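1. Fold the following for me, if possible:
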Amino acid sequence: MNKKILLWYARKRLWCGLPWTFTKYGISEDRFFVESGLFNTREYEVRLYRIMNVNLHRTFLQKIFGLGTVHFDSSDKDLGCFDIKNIRDSEDVKEILSQQVEKERQRNRVTAREYMTEDGPVHGDEIGGWYAGTLLKEMTLSCGEVYLIAPANVNGAKNGTRYVTGKQDL
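-> Alright, predicted model coming up:
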């Protein structure tokens, strides 16, 4: 973790605000870093566009000592969902991170979509399944995993209903 390129850098603190831990956090333009350990160190790195949600949690003691915990939901395999625990200026850190995540998601053209209908999801969520299947046909995979789903009821997706005739259903 090169401190020169970081937008934000901090050390995890004890519950009373003292920085006597061996966990350090950093945010660069496109990555989030976690470094931990004294004799055996580990450094984790998460690309910011992989972060989906950023939340702030502050207990009563954290408020007294000016600390907070920022929680992340990410699609990273190593860290997954994780917390930046007991950091100073946690509200500012959350905002910095939220803004950088949005910039990186736009720069990398990463979007998250939710498919809803007026009446809620249809049998087996035909609309979402049909659309996902259509997108999978056009994708090229450079790394990672793809989980294939059964073809959805095309007529049900177009008509917004699960009722079909004959063998058109799943």
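2. that's a strand at Gly26, yeah?
-> Yes. Gly26: assigned to a strand according to DSSP: H, G, I helix; E, B strand; the rest coil.
3. separation between it and Leu48?
-> 12 Å (C-beta to C-beta, to the nearest Å). For every residue, glycine as well, the C-beta is placed using N, CA and C.
4. now Leu61
-> From Leu61 to Leu48 the distance is 30 Å (C-beta to C-beta).
5. Where is the longest helix in this structure?
-> Criterion DSSP state H: the longest helix present in the chain is helix 90-107.
6. List the buried residues for it?
-> Ser90, Val93, Lys94, Leu97, Gln100, Val101, Glu104, Arg105 (16 or more other C-beta atoms under 10 Å).
7. Can you name the two of these that sit furthest apart?
-> Farthest-apart pair in the buried residues of helix 90-107 is Ser90 and Arg105; separation 22.0 Å (C-beta to C-beta).
8. Closest one to Leu56 out of the buried residues of helix 90-107, please.
-> Lys94 (4.8 Å).
9. which residues touch that closest one?
-> Val54, Asn55, Leu56, Gly68, Val70 (C-beta atoms under 8 Å, 6 or more residues apart in numbering).
10. Buried among these? Make that a PyMOL selection.
-> Command for PyMOL that selects the buried part of those, burial taken from 16+ other C-beta under 10 Å:
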select buried, resi 54+68+70
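11. Dump the contacts of Lys94 into a markdown table; add secondary structure and distance to Tyr44 as well.
-> As requested, the contacts of Lys94 are exported to a markdown table (DSSP: H, G, I helix; E, B strand; the rest coil; distance: C-beta to C-beta, whole Å):
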| residue | secondary structure | distance to Tyr44 |
| --- | --- | --- |
| Val54 | strand | 17 |
| Asn55 | strand | 19 |
| Leu56 | strand | 21 |
| Gly68 | strand | 21 |
| Val70 | strand | 15 |
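12. Farthest-apart pair in the contacts of Lys94, please.
-> Val54 and Gly68 (12.1 Å).
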